[in-house]
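> Next come a sequence and a model predicted from it.
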Amino acid sequence: MLRIALVLLTLTACSRPLTDAERAFAGTIHGPSLDASAVRIHGRNPLYLLRHSRDARPPVACRERIRPPETGRVQTRIAATVLYNRAFFAKPFFLDDYLSAYPSRMSLPDAMLLAHELTHVWQWQNAEKTGYTPFKAATEHVEDDPYLFDLPDGAAFADYGYEQQGGLVEEFVCCRALDPDGARTAKLYGLLSPVFPALERRSRVPADEVLLPQGHGNLSDICG
């Protein structure tokens, strides 16, 4: 882990701040609890070289239903890594602006990815409350799929692992964009809003201007 951290730190010279649109988007999620001015985005992620496999995820979450169904064992890579206030995106996933047309239009996968990684920055910036360290987050990756989560009644945000917390925020971005009145959307909002009081219940982007991946599944009642 130390070697990886040192490699990432050598890349800190090449970075950019969040754009105005990205900061506006983040404000609808994390609000003032995230110091967006401190965030730096990088266009390289050495961990992308590592390969991992996991079981196919069930087509339950909005995150999965906007993409073609998975089967068998799925080969994956780490698209992005966060170290303190810095988010390192692999070249295939790096953009100069993840919300370039926001709030008129947005790519939902890009918005979800950014929201997930900014949640890790938030975890670091609020470490006194979250207990977050890069090492603790890295140890979650010994699990088959540290991003997978359930939504049992009575669960609190702090009950989830760090990657699961990022996944919950990512899932809410998906649900509020596609099914703002859905039961799953409401449940996610109830889980997240005590932690993020500035969380906006509805997306600012018109529903017909939310761009989806090609080959997406059935979106009917996607977060019902």
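Received it, and whenever you're ready, just let me know what you need. Numbers count the residues shown, from 1 in each chain.
> If you count neighbours, what's buried in stretch 129-146?
130, 132, 134, 137, 145-146 (16 or more other Cβ atoms under 10 Å). Bear in mind the C-beta positions are built from the backbone N, C-alpha and C, glycine included.
> what about that stretch, how long is it end to end?
21 Å (Cα to Cα, to the nearest Å).
> how far does it sit from the chain's center?
Centre-to-centre, stretch 129-146 and its host chain are 15 Å apart (Cα atoms, centre = their mean, to the nearest Å).
> Same question for stretch 56-65.
15 Å.
> How about stretch 143-157?
14 Å.
> just the buried residues of stretch 129-146 now: which is nearest residue 197?
Nearest to residue 197 among those: residue 130, at 15.9 Å, using Cβ to Cβ.
> Could you check how far the closest residue to the closest one other than its chain neighbours is from residue 74?
Ranked by Cβ to Cβ, 6 or more residues apart in numbering and with sequence neighbours excluded, the top spatial neighbour of residue 130 is residue 123, at 4.7 Å. Between residue 123 and residue 74 the computed distance is 26 Å (Cβ to Cβ, to the nearest Å).
> who has more neighbours, those two?
residue 123 (21 against 13; other Cβ atoms under 10 Å).
> Could you measure from that one over to residue 157?
11 Å.
> Between these two, which contacts overlap?
residue 165 (Cβ atoms under 8 Å, 6 or more residues apart in numbering).
> can you pull out the strands in the protein?
Using DSSP state E, the strands of the chain run over 16-17, 40-42, 51-55, 73-77, 80-83, 86-89, 106-107, 210-211.
> okay if I get these as CSV plus distance to residue 117 and mean pLDDT?
Below are the strands of the chain laid out as CSV (distance: least, Cβ to Cβ, whole Å; pLDDT from 0 to 100):
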stretch, distance to residue 117, mean pLDDT
strand 16-17, 14, 98
strand 40-42, 9, 98
strand 51-55, 18, 88
strand 73-77, 15, 91
strand 80-83, 5, 95
strand 86-89, 4, 98
strand 106-107, 15, 98
strand 210-211, 19, 98
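> Out of these, the one nearest residue 166 is which?
strand 80-83 (9.0 Å).
> Spit out the contact partners of the residue nearest to residue 130.
Per Cβ under 8 Å, 6+ apart, neighbours of residue 123: 130, 132, 137, 162, 165.
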